[in-house]
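Student: whatever this is, show me its structure:
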Amino acid sequence: MTCPSRSPYLPAGVTPEEYAAAKDTSPRVLQALTAIDFCGPTDPVACPSDTAPPPTCVSGPCPRRTLTRGLRRLVSGDVAVIRTALVRAGFPGTEVKLLDAPAGLSPAIRYAVPVGSICLVGIMFTTDPPRANDLSGFGPDGHC
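Tutor: Numbering: from 1, shown residues only. Sure thing, here's the model as predicted:
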């Protein structure tokens, strides 16, 4: 059996070099998001002290705790906090936006970091940082 010239794990349209660059950059993006102290004294919404086990999941995303500090749902003011953290970490082209949530659900925040001709993308539902990023291409408008 011969090996294919292209890895089946490589997303369509992404070169091995682009994938390697994104793979190298992804941990730095996650580290920048983990370093945000949403529950610090300048937080726009207070975080409750929360050392209990994760809540029971219902329909919608279930938060998973990776931090020992407090946890809360995101608010619109967190868009600027996330954008600032990523820009300060060396990702000036970062796009961060609040996603509309259906009635009764808390909003989510989407971040996208350009890495060459592809983007590292993630969605946050709480102040608990994500553990991975997804790969995406640029849209027709030239943005991630």
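Student: this structure: strands as residue ranges?
Tutor: 95-99, 108-115, 118-124, 134-137 (DSSP state E).
Student: just how off-centre is the third one within its chain?
Tutor: Centroid separation for strand 118-124 versus its chain: 6 Å, with C-alpha atoms, centre = their mean, to the nearest Å.
Student: quick check: bridge partners of the residue most central in space within the chain?
Tutor: For the chain, Gly122 is the residue whose C-alpha lies nearest the centre (C-alpha atoms, centre = their mean; 3.3 Å). Following DSSP bridges, Gly122 is listed with bridge partners Tyr111.
Student: which residues are in contact with it?
Tutor: By C-beta atoms under 8 Å, 6 or more residues apart in numbering, Gly122 lies in contact with Val29, Leu33, Arg110, Tyr111, Pro130, Ala132, Asn133, Asp134. Using the backbone N, CA and C atoms, a C-beta is placed for each residue, glycine as well.
Student: buried ones in the longest helix seen in the chain?
Tutor: The residue-count maximum for a helix in the chain (DSSP state H) belongs to helix 16-34. Neighbour counts over helix 16-34 (16 or more other C-beta atoms under 10 Å) mark Glu18, Tyr19, Ala21, Ala22, Thr25, Ser26, Val29, Leu30, Ala32, Leu33 as buried.
Student: rewinding a little: now the strands of the chain as JSON lines including distance to Arg88 and mean pLDDT?
Tutor: Output for those, formatted as JSON lines (distance: least, C-beta to C-beta, whole Å; pLDDT from 0 to 100):
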{"stretch": "strand 95-99", "distance to Arg88": "13", "mean pLDDT": "94"}
{"stretch": "strand 108-115", "distance to Arg88": "13", "mean pLDDT": "95"}
{"stretch": "strand 118-124", "distance to Arg88": "17", "mean pLDDT": "93"}
{"stretch": "strand 134-137", "distance to Arg88": "23", "mean pLDDT": "88"}
